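Undergrad: No sequence on hand, only this structure:
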């Protein structure tokens, strides 16, 4: 884990540490929160990649582990596959919209 002054939220461990710190400041518990996770796409379609080389899969597993360890409820997940997602969040309601663009297969 990074020192508190180095937390920037770019990686899941730092993001969760920042979130936990703010929850404590507000007198709330992590289990009082609900989570929605998006992403974890595998951006390379190379069929020779081993399972342990799939970064998107590793990121999804890390997110699920963080939520489970903190007893947080997962409301929705749109994860995996290939390609990219465009995500819109209404911060006043927590509503999320996702547009998923899978990678196109090359025919050659």
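TA: Cool, got the structure. Values in this document were obtained by computation on a predicted structure and should not be read as measured data.
Undergrad: how deep is residue 85 tucked in, by neighbour count?
TA: If you count neighbours by other CB atoms under 10 Å, residue 85 ends up with 15. (Each C-beta comes from the backbone N, C-alpha and C, glycine too.)
Undergrad: meant to ask about residue 16
TA: 22.
Undergrad: give the contact list for residue 90.
TA: Applying CB atoms under 8 Å, 6 or more residues apart in numbering, we find residue 90 in contact with residue 96.
Undergrad: Which strands and helices lie in contact with the helix or strand of the chain at the bottom of the mean pLDDT ranking?
TA: Ranking every helix and strand in the chain by mean pLDDT, DSSP states H and E puts helix 55-69 at the bottom, with a mean of 89. Helices and strands touching helix 55-69, as assessed by 3 or more CB pairs under 8 Å, 6 or more residues apart in numbering; DSSP states H and E, comprise helix 12-25, strand 34-39, strand 73-79.
Undergrad: Show residues contacting it.
TA: 12-13, 16, 35, 37, 39-43, 51-52, 74, 77, 79-80.
Undergrad: Would you enumerate the residues in contact with residue 87?
TA: Going by CB under 8 Å, 6+ apart, the list of residues near residue 87 reads 38, 96-99.
Undergrad: what about stretch 26-41, start to end distance?
TA: The first and final residues of stretch 26-41 sit 33 Å from each other (CA to CA, to the nearest Å).
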